[in-house]
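Asks: I'll drop the sequence and a predicted model, then ask my questions.
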Amino acid sequence: MSATRRGSARPAVREIDEGTDLGAVYMRTLLRSQLRLAALVLLLLAVSLGTLPLVFGYLPSVSAYRVGGVPLPWLVLGVLVYPFVVLLAYLYVRQAERVERDFAATLDRAARRDRDTS
């Protein structure tokens, strides 16, 4: 009879489920990555859209420009902003999914390492 140490290897997912210190580290890492990504997207959105009123306010020549009879500020703020926001949202979702895939891959590697050492 061979003695195996099956019970001693704790998969990373169990660490998270049971709320151990190691599981807390895994979750903190995931949450920090997600928070960093969300802050970056929010900053990009705030800077890009927040500067538009400043540009239109401080550069009257830009505000006076018309495209097809429509003032440029109306065109930009009423039409062109939405495709930009949709693109930003699409890129955010892709990056968030990548962060989650990387996290899942990290858990899989930890589980394989635990399985191989037991």
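Replies: Yes, it's here.

Asks: and the helix or strand hosting residue 50, how far out from the chain's middle?
Replies: Using DSSP states H and E, the element containing residue 50 is helix 21-58. In terms of Cα atoms, centre = their mean, to the nearest Å, the centre of helix 21-58 is found 8 Å from the chain centre.

Asks: looking only at pLDDT, what's the mean for it?
Replies: Average pLDDT, helix 21-58: 90.

Asks: then the very next helix or strand once past it to PDB, C-alphas only?
Replies: Next helix or strand after helix 21-58 toward the C-terminus (DSSP H and E): helix 60-64. C-alpha atoms of helix 60-64 as PDB (Å, rounded to 0.1, in the frame of the first residue of the first chain):
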ATOM      1  CA  PRO A  60     -14.500  80.400 -30.000                       C
ATOM      2  CA  SER A  61     -13.200  79.800 -33.600                       C
ATOM      3  CA  VAL A  62     -13.700  76.100 -33.100                       C
ATOM      4  CA  SER A  63     -17.100  76.600 -31.600                       C
ATOM      5  CA  ALA A  64     -18.100  78.800 -34.600                       C
END
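
Asks: which residues sit against helix 60-64?
Replies: With Cβ atoms under 8 Å, 6 or more residues apart in numbering as the test, helix 60-64 has contacts from 55, 56, 57, 71, 72, 73. Bear in mind the C-beta positions are built from the backbone N, C-alpha and C, glycine included.
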